[in-house]
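Trainee: Here is my input, please return the structure:
(chains A and B)
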Amino acid sequence: MIQDLLQSTPSLLNFGIFFGLAVLLLFVVLGFVTYGILSERKIMGFMQLRVGPNQIGGKWGLLQTVADVLKLLIKEDTIPKKADKPLYILAPVIAFAPAFMVLATLPFTDAFQFADIGVGLLYYMAVSGITTIGIVTAGWASNNKYSLIGGMRAAAQMISYEIPLVMSLVGIVLLTGSLNLNDIVAAQEKVWFIFLQPIAFIVFFIASVAELNRVPFDLPEAESELVSGYHVEYSGFRWAFFMLSEYVYMFAMATLTTVLFLGGWNSIPFLDFIPAAVWFGLKFSAVFYVLVWIRVTFPRIRADQLMEFGWKVLLPIALANIFLTALLKELFKLF
Amino acid sequence: MLRTEEMLLNVGPQHPSTHGVFRLVIKIDGEIIKEATPVIGYLHRGTEKLAEDLQYTQIIPYTDRLDYLAAMTNNYVLCHAVETMMGVEIPDRAEYLRVIAMELGRVASHLVWWGTYLLDIGATSPFLYAFREREMIVNLLTELSGARLTFNYMRVGGVKWDAPEDWIEKVAEFVPYMREQLAGYHELVTGNEIFVNRVKGVGTYSKEEALQYSLSGANLRCTGVKWDLRKNEPYSIYNRFQFNIPTREEGDAFSRYHCRMEEIEESLKILEQAVEQFPTAGPIIAKVPKIIKVPKGEAFVRIESPRGEIGCYIASEGKKEPYRLKFRRPSFYNLQILPKLLEGENMANLITILGAIDIVLGEVDG
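Mentor: Below you'll find the predicted structure:
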């Protein structure tokens, strides 16, 4: 349907439909963020011998995140006197907009995807890189020493981990011969890529955790060292935008992991009667759960060790994986 | 070439990892620390001066507030100093209660250190696990003294309250439970690659330096000096127990971590033996006058607190109040090596090094 709309002549109706779809996606994402945060807190509570939110919205705390967001909305919006005001205001927008943009290409099921473009994977990588600029801008514009250090760390980290992240995916592209995410899912109908590309999966997963700025790679906001890094001066809804972009990325990254390595909406044999959306949801939840699990378990890595690990360990492994995949494919026609 | 500048950064006094109101002014080049100047005194209450106007029993609650994580040892050092000057004989049951309370306090203190240290390093869960066990100890000590943190439990000549019914059994039950949990701690943290990389070889100093800076406690023992006052200058009834002094040779943050974790085990050993030997009946306080007057003269005693050697000096003119009272507060002495250790390190190591020293600001500032 969307393909037809894209090719038809522009009109107000088209605009209306696109706008409506974007709003729909926004609600899907906000719904995820609301309950993603809640489930993260609940899982963390379960692992850390606590109960987690249980006051607002019944005993499951179903409205806790809503209340938190409302609180942030009515909070005073402070801008430090010596901050670079235009940049300070712009930074959360730069950080958030790409987070939302990348969602357009992600195929949730065979029917539910907003833009099926040929270079979907490349688009994701390229657009998500923009967020770094928002974070560095925030760190610089706040005119705070802690946030400056945080912003610098974020820039260094995201650049160093984007490379192994992309490199680890080259193997998959070699196997499918396409950058289109739908094609990649279709190629996994028989075997998931996690089994064909185990090394790539490990590299990708580690690099993606680093990209998400989550424990053990949460250096840009290292609470105990930099107080909270690049967003230390932000309050109210501007701060919420940073948090929102972080969780939207988590949503996007969990989706991407599912699509690239876990066979997307494909079912496992003999269980085809379960709808595709359920399969996708299950795999997605598993990835999400592992991400939370990692957060609960690990301490934070140190900045220099992080760089060393990225450049000296992950990148060579990712490159070796490309080499190996190409060799196996061409010489032995294994795939 | 770009022009670069050194940046002056204030870490604290309101900073999540300074464990209280400790301030550190650091000059950094990028993330490398060029110079570090500690600023202390934000929690200074003048305990020593206040004590000069107080009767001896009235000083005890003030000692609770020095090292608030191990208040029992602080209580003890003051009582011990006064008792030494007066030559009081302490009843057996009181001594056992004191030792059990102090060792429970030592375990609790190390647990808090373990939890907060890992929180500094970025792991959130160990903190909650440590506090679960600490909560049990705090509950035990509450049953004993009526307070969770500032116990005010000991008196000159003995202790204030006798152990409630079944209390000793509860302590006996706690020991094996804690051992089991300790194994879990090691499983979760000690072998963790990231953790080991963060602490191994960080903040290293030699045996000579440690002695020059007058470090004590785990900070000294991590360099290989076998020095623990409970063994080397036994006070109270510590000579009745079998336990080891855990030491390491490396002198880095990881060795300090090991020393403290092993100290918990040794404390559990002492608790086990103390519970076994605990006298079933007897007085809990010696016969001392209601108003304590210490004979003219001076005395200095020192004992092993969880953080190192805590000492108490009393100069008396034979009155109800001391003429001069001084505490040798181990955190204050241990902190002095910090600027030297920080030079040339990066921001992340600052937290690791500061945390490994294990300071309590109430004690640093007095």
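Trainee: Surely residue B:243 touches residue B:268?
Mentor: No. With contacts defined as CB atoms under 8 Å, residue B:243 does not count as touching residue B:268, sitting 9.4 Å away. For every residue, glycine as well, the C-beta is placed using N, CA and C.
Trainee: And residue B:335, how far from chain A?
Mentor: Distance of residue B:335 to chain A, computed by CB to the nearest CB, to the nearest Å: 18 Å.
Trainee: more neighbours, residue B:243 and residue B:268?
Mentor: residue B:268 (22 against 19; other CB atoms under 10 Å in any protein chain shown).
Trainee: Against chain A - does the helix or strand hosting that one have any residue that ends up touching it?
Mentor: Using DSSP states H and E, residue B:268 falls within helix B:253-277. No. Between helix B:253-277 and chain A, judged by CB under 8 Å from any CB of the partner chain, nothing touches; the nearest distance is 12.2 Å.
Trainee: now swap in stretch B:195-204 and tell me
Mentor: Yes. Looking at stretch B:195-204 against chain A by CB under 8 Å from any CB, the contacts come from B:195, B:197, B:198.
Trainee: How about the contacts made by residue B:331?
Mentor: For residue B:331, the contacting residues are B:67, B:307, B:308, B:357, B:358, B:359, B:360, B:361, B:363, B:364, by CB atoms under 8 Å, 6 or more residues apart in numbering or on different chains.
Trainee: and the stretch 201-335 of chain A, which residues reach chain B?
Mentor: By CB under 8 Å from any CB, the residues of the stretch 201-335 of chain A that approach chain B are A:215-216, A:218-219, A:222-227, A:295-305.
Trainee: related to what we said a few turns ago, which ones among the contacts of residue B:331 lie within helices?
Mentor: Judged by DSSP state H, helices contain the following of these: B:357, B:361, B:363, B:364.
Trainee: Just send those residues back as TSV, with neighbour count and pLDDT too.
Mentor: Conversion of the ones in helices among the contacts of residue B:331 to TSV gives the following (neighbours: other CB atoms under 10 Å in any protein chain shown; pLDDT from 0 to 100):
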residue	neighbour count	pLDDT
B:357	24	88
B:361	23	86
B:363	28	87
B:364	27	87
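Trainee: ok, those residues vs chain A, which is closest?
Mentor: The shortest separation between chain A and any of the ones in helices among the contacts of residue B:331 is 15.3 Å, and it belongs to residue B:357 (by CB to the nearest CB).
Trainee: out of everything not next to it in sequence, what's closest to the closest residue to chain A within the stretch 51-200 of chain B?
Mentor: Closest residue of the stretch 51-200 of chain B to chain A, CB to the nearest CB: residue B:122 (2.6 Å). Of all residues beyond its chain neighbours, the one nearest residue B:122 is residue A:300 (2.6 Å), with distances taken as CB to CB, 6 or more residues apart in numbering or on different chains.
Trainee: SS state for that neighbour?
Mentor: Reduced to three states with DSSP: H, G, I helix; E, B strand; the rest coil, the structure at residue A:300 is coil.
Trainee: What does it show for phi and psi?
Mentor: phi -90, psi 140 (degrees, to the nearest 10).
Trainee: doesn't residue B:123 make contact with it?
Mentor: Yes. Residue A:300 sits in contact with residue B:123 when judged by CB under 8 Å, with a separation of 7.5 Å.
Trainee: Any stretches of the stretch 1-150 of chain A with poor pLDDT?
Mentor: Confidence mapping of the stretch 1-150 of chain A against pLDDT under 70 gives the ranges A:1-6.
Trainee: What is the neighbour count of residue B:310?
Mentor: By other CB under 10 Å, neighbour count at residue B:310 equals 29.
Trainee: And for the one 3 residues further on?
Mentor: Taking other CB under 10 Å as the neighbour definition, residue B:313 ends up with a count of 17.
Trainee: Checking it next. Helix, strand or coil?
Mentor: Strictly by three-state DSSP, residue B:313 counts as strand.
Trainee: Specify the beta-bridge partners of it.
Mentor: The residues paired with residue B:313 through beta bridges, assigned by DSSP bridges, are residue B:300, residue B:326.
Trainee: State the pLDDT value of it.
Mentor: If you check residue B:313, the pLDDT there is 93.
Trainee: and what of residue B:64?
Mentor: With respect to pLDDT, residue B:64 has a value of 89.
Trainee: how much space between it and residue B:168?
Mentor: As judged by CB to CB, to the nearest Å, residue B:64 and residue B:168 stand 24 Å apart.
Trainee: These two - which one has more neighbours?
Mentor: Taking neighbours as other CB under 10 Å, residue B:64 and residue B:168 compare with residue B:64 leading, 21 against 18.
Trainee: The more buried one contacts residue B:77, correct?
Mentor: No. Taking contact to mean CB under 8 Å, the distance of 11.8 Å between residue B:64 and residue B:77 leaves them out of contact.
Trainee: give the contact list for whichever residue of chain A sits closest to chain B.
Mentor: Distance from chain B to each residue of chain A (CB to the nearest CB) is smallest for residue A:300, at 2.6 Å. By CB under 8 Å, 6+ apart, residue A:300 lies in contact with A:215-219, A:222, A:224, B:121-123, B:194, B:198, B:348.
Trainee: got a list of what the nearest residue to residue B:195 once chain neighbours are set aside touches?
Mentor: Computed as CB to CB, 6+ apart, the closest residue to residue B:195 that is not its neighbour in sequence is residue A:299, at 5.0 Å. Residues counted as contacts of residue A:299 (CB under 8 Å, 6+ apart) are A:215, A:216, B:118, B:121, B:122, B:123, B:189, B:192, B:194, B:195, B:198.
Trainee: quick one, phi psi at the first one?
Mentor: In other words, residue A:215. According to degrees, to the nearest 10, residue A:215 has phi -50, psi 140.
Trainee: Switch the contacts of residue B:331 over to TSV; also include distance to chain A.
Mentor: As requested, the contacts of residue B:331 are exported to TSV (distance: CB to the nearest CB, whole Å):
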residue	distance to chain A
B:67	22
B:307	21
B:308	24
B:357	15
B:358	15
B:359	15
B:360	17
B:361	16
B:363	21
B:364	19
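Trainee: Just name the closest of those residues to residue B:28, please.
Mentor: Set against residue B:28, the nearest of these by CB to CB is residue B:357 (20.0 Å).
Trainee: which of the residues in stretch B:198-206 are buried?
Mentor: B:198, B:199, B:202, B:203, B:204, B:205 (16 or more other CB atoms under 10 Å in any protein chain shown).
Trainee: Also stretch B:277-295?
Mentor: The neighbour-count criterion (16+ other CB under 10 Å) identifies B:278, B:284, B:285, B:286, B:288, B:292, B:294 as the buried residues of stretch B:277-295.
Trainee: which parts of chain B sit against chain A?
Mentor: Counting by CB under 8 Å from any CB, the positions of chain B adjacent to chain A are B:7, B:9, B:15-17, B:31, B:118-125, B:128-129, B:132, B:188-189, B:192, B:194-195, B:197-198, B:346-351.
Trainee: Give the PyMOL command for selecting the buried subset of the residues you listed.
Mentor: Listed next is the PyMOL selection for buried residues among those, using 16+ other CB under 10 Å:
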select buried, chain B and resi 9+15+16+17+31+118+119+120+121+122+123+124+125+128+129+188+189+192+194+195+197+198+346+347+348+349+350+351
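Trainee: Which strands and helices lie in contact with the strand or helix carrying residue B:35?
Mentor: Secondary structure from DSSP H and E places residue B:35 in strand B:32-39. For strand B:32-39, the helices and strands in contact under the criterion 3 or more CB pairs under 8 Å, 6 or more residues apart in numbering or on different chains; DSSP states H and E are strand B:23-29, helix B:338-342, helix B:347-357.
Trainee: can you give me the angle the first one makes with strand B:32-39?
Mentor: To tie it back to what came earlier, the one meant is strand B:23-29. Put simply, strand B:23-29 runs at 160 degrees to strand B:32-39, going by axes from the mean of the first three to the mean of the last three CA atoms, to 10 degrees.
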